[in-house]
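what shape does this take:
(2 chains, ligands or ions: 2)
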Amino acid sequence: MTDATDPGTIPAQPARHTSGSLLTASARTKRRNAAEARFKAYGIAAIAIAVLALCFLMSSIVRDGAGAFRQTYASIPVTVSAEVVDPKGNRDPAEMAKVISLSYGKLLDDSLKAWIAAENIRIEGLSDADTKSFFSGEAPARLRNMVLADPELVGQTVEMTALTSSRIDGMFKGRVTEETAALDSKTSVAQFRLAQAMKENGALVTKFNGDFITKPDASDNRAEAAGIGVAILGSFYMMLIVLILALPIGVAASIYLEEFAPKNRLTDVIEVNIANLAAVPSIVFGILGLAAFINFVGLPRSTPVVGGLVLTLMTLPTIIISTRAALKSVPPSIRDAALGVGASRMQTVFHHVLPLAMPGILTGTIIGLAQALGETAPLLLIGMVAFVTTFPAAPPEGFFDPASALPVQVYNWTQRADPAFSERASGAIIVLLIFLLCMNLLAIFLRRRFERRW
Amino acid sequence: MNDMSLVERRLVQDEIKITARDVQVFYGEKHAIKDVNVDILDKTVTAFIGPSGCGKSTFLRCINRMNDTIDICRVEGRIALDGEDIYDRRVDPVQLRAKVGMVFQKPNPFPKSIYDNVAYGPRIHGLARGRAELDEIVEKSLRGAALWNEVKDRLQEPGTGLSGGQQQRLCIARAVATAPEVLLMDEPCSALDPIATSQVEELIDQLRQEFSVVIVTHSMQQAARVSQKTAFFHLGNLVEYGETDDIFTNPQDPRTESYISGRIG
Ligand SMILES: Nc1ncnc2c1ncn2[C@@H]1O[C@H](COP(=O)(O)OP(=O)(O)OP(=O)(O)O)[C@@H](O)[C@H]1O
Ligand SMILES: [Mg+2]
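Ligands and ions are numbered 1, 2, ... in the order given. Now for the predicted structure:
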């Protein structure tokens, strides 16, 4: 440095390339190539580690969660005895509705005992408790609904596929063995043997569990009946709200900031703030939502509207940042061209800039939505973790009904005791991941589609 | 062709289209245009020449207020189109730009079809009533830009799929389609091969029938070929302005002389 500026000294001649054969690599070239090879190896190693971790995660989730999509049912003839379900004998729906599920439980119990006798199955030590706890608490309720919907069934014998308890279900998923059954207060060795015998006779089937997707959550001792229906609907409603609010607001804000706003202190401050907001931990948005939407505005707790608003706040910075980047990447020559033929600024933006920025905007929006879909912490704060078994109504009223959300449902189930719930939590994670995958595929598809136009 | 235009030059129009008085342009602190006074004639090709960075583009962009889009740019003085100050507060730059079209140095067609590129201006200014009229404008403009024969069978194909020279002619067609009164061209041939260049030059000569054309060029030959009036800019000053022949054969200012003889620039 000093040599070069000092006028007194003559700058040293650069060292000449000692001319050697091109066929043998010089020491310098070898070193360079080695460095390059090393760098490549690091990259490949990093990717390999990432892929391995992903494979491990995926396989463990699929292994744990696959069971949630299969469920064990008993199919036995059930005699709907008239004395039990219609004690007055007049088939009056109002009278029949007074009979509670518990009585139907006795029906199932009797039918199971009758079936055991008919099939000539003898199991040592089979107690009343074993047959009683064989079915899920949900099974009598469903039988009751069936009978109330169709009073013709009274007095008849119907072939029914009844949901079995989570322990029986666990026996066919490897969760419950004879040894664990012996130690478990909720099942017994006798019940285990009964289940095996029924399986051999074809009275127990393990089949696809559509109810997992469509039914709401269930209480702690009915793990086998719990589903993610309400959570999916709640998440869907929230995504709808986020999309409806965040997309137009975010895009409008970005267009204004990028194309119209004067570049001054104020817009600089706004820009820095937006960038910071994108990095704010999501739980902070939850606290904000709790204070603003629930305590101040007075919106009902655990509702999609509050969740959607909180997630909108959280998603906005992401959408604004990606939209501005997309707008910036549109070449200025296009703007000049439009202005040059006398288009107004607004026409320039809406006719030329926005269509070109669309793929970027859509990608950013979908990634923002995907982030919001998986967000848990802020929803816990606004009470979305509540136990909700009734489906919210159709929108827009449904936005104000209590609902759950997929990630919160996962969190909730992992807290519960019955191992069947952790299986269901993994199942819900699989569903969530499938949704995220679909959204990302949609983003890629839209980007391709819009880009291919020219 | 050269001789032809030499003859035509004698029939100089003396109707003034644009007057600039004491125009100063600043980019922030930088004084890019200093005290420029010039009268640009109607139905005449005026060439702006000068070394790189002397402010030719800047001055050109003042004439249709494209400089408004640059935040740090400030214009002082008076520029009048047909006697009306275009920097008057009541003037809408959008309306002005419909009258004063511009062709940029780099071809910048919209990423839309050839047809839509040309039809865009007429559409937003409501120049056509109905599809047939619009078709007519598009054809006329493309013919005017000597592009019709090459693209008439593929009007729905993207304008960005044309060659560089075709794209530039498409941009000229686009500018012509809005029926401007003045056409500003900033080095329209810098990206073109000699054949396309001569096509565009012929085109400029034709456009002179209807418009006042201002062209920025780095090619002395081009300036001599297409223009009737030439303005020489140097370091933000308008050094010399006059008949193209006079400027090239008998420059008054030593700076002009050294520039056209290739000693500065
Ligand atoms: N957007 C801008 N911001 C700041 N300075 C600018 C801007 N545009 C041009 N300038 C400055 O103004 C002066 C004139 O620029 P201009 O583009 O008008 O030159 P030019 O004569 O068109 O040059 P060229 O022949 O290379 O196109 C230059 O010194 C340039 O640095
Ligand atoms: Mg220039």
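
show me what from the stretch 1-150 of chain B comes close to ligand 1.
Contact residues (C-beta under 6 Å from any ligand atom) of the stretch 1-150 of chain B with ligand 1: B:27, B:30, B:32, B:50, B:52-58, B:70. To be clear about C-beta, it is placed using only N, CA and C from the backbone, and glycine gets the same treatment.

by neighbour count, which of the residues you listed wins?
Using other C-beta atoms under 10 Å in any protein chain shown as the neighbour test, these are led by residue B:50, with 27 neighbours.

beta partners for the closest residue to it other than its chain neighbours?
Excluding the flanking residues, the one nearest residue B:50 by C-beta to C-beta, 6 or more residues apart in numbering or on different chains is residue B:233, at 3.5 Å. Applying DSSP bridges to residue B:233 yields these beta-bridge partners: residue B:238.

and the pLDDT at residue B:233?
Turning to residue B:233, the model gives it a pLDDT of 93.

count of residues packed around it?
Counted with other C-beta under 10 Å, residue B:233 comes out at 24.

ok, it touching residue B:52?
No - using C-beta atoms under 8 Å, residue B:233 is not in contact with residue B:52, being 10.6 Å away.

can you find the residue of chain A that comes nearest to ligand 1?
Residue of chain A nearest ligand 1, by C-beta to the nearest ligand atom: residue A:332 (10.6 Å).

just how off-centre is stretch A:168-178 within its chain?
For stretch A:168-178, the separation from the chain centroid amounts to 27 Å (computed by C-alpha atoms, centre = their mean, to the nearest Å).

list the contacts of it.
With contacts defined as C-beta atoms under 8 Å, 6 or more residues apart in numbering or on different chains, stretch A:168-178 is touched by A:67, A:70-72, A:74, A:134, A:167, A:181, A:184, A:187, A:189, A:191-193, A:195-196, A:199, A:204, A:206, A:224, A:419-420, A:423.

just the buried ones out of those, please.
A:67, A:70-72, A:74, A:134, A:167, A:181, A:187, A:189, A:191-193, A:195, A:199, A:204, A:206, A:224, A:420, A:423 (16 or more other C-beta atoms under 10 Å in any protein chain shown).

in helices, which of those appear?
A:167, A:181, A:189, A:191-193, A:195, A:199, A:420, A:423 (DSSP state H).

one step back: distance of the residue nearest to residue B:50 relative to ligand 1?
6 Å (C-beta to the nearest ligand atom, to the nearest Å).

about what we covered before: which one of the ones in helices among the buried ones among the contacts of stretch A:168-178 is nearest chain B?
residue A:423 (52.0 Å; C-beta to the nearest C-beta).

how about that closest one: what's its closest non-neighbour residue?
Nearest residue to residue A:423 in three dimensions, chain neighbours excluded: residue A:67, at 4.7 Å (C-beta to C-beta, 6+ apart).

so what's that neighbour up against?
Contacts of residue A:67 (C-beta under 8 Å, 6+ apart): A:173, A:175, A:423, A:427.

most neighbours out of the residues you listed, which is it?
residue A:427 (27 neighbours).

what about the closest residue to that one other than its chain neighbours, neighbour count?
Of all residues not flanking residue A:427 in the chain, residue A:68 sits nearest, at 2.5 Å (C-beta to C-beta, 6+ apart). Residues lying near residue A:68 (other C-beta under 10 Å) number 27.

what does residue B:22 give?
11.

how much space between it and residue B:60?
18 Å (C-beta to C-beta, to the nearest Å).

cool, residue A:98 as well?
Distance from residue A:98 to residue B:60, by C-beta to C-beta: 92 Å.

these two: which has the busier surroundings?
Between residue A:98 and residue B:60, counted using other C-beta under 10 Å, residue B:60 has the larger neighbour count: 20 against 10.

give the contact list for the residue lying closest to residue B:93 once chain neighbours are set aside.
Residue nearest to residue B:93 in three dimensions, not counting chain neighbours: residue B:65, with 4.3 Å by C-beta to C-beta, 6+ apart. When contacts are counted by C-beta under 8 Å, 6+ apart, residue B:65 is found next to B:86-87, B:93, B:96-97.

tell me which residues are up against stretch B:53-63.
Taking C-beta under 8 Å, 6+ apart as the rule, stretch B:53-63 contacts B:18, B:20, B:23, B:25, B:27, B:32-33, B:36, B:48-50, B:67, B:75, B:79, B:81, B:86, B:100, B:102, B:105, B:182, B:184, B:186, B:214, B:216, B:233-236.

now do the same for residue A:221: its pLDDT.
84.

cool, residue B:207 as well?
pLDDT at residue B:207 comes out at 85.

how much space separates it from residue A:429?
Distance from residue B:207 to residue A:429, by C-beta to C-beta: 68 Å.

distance of residue B:130 from residue B:123?
12 Å.

next one: residue A:255
22 Å.
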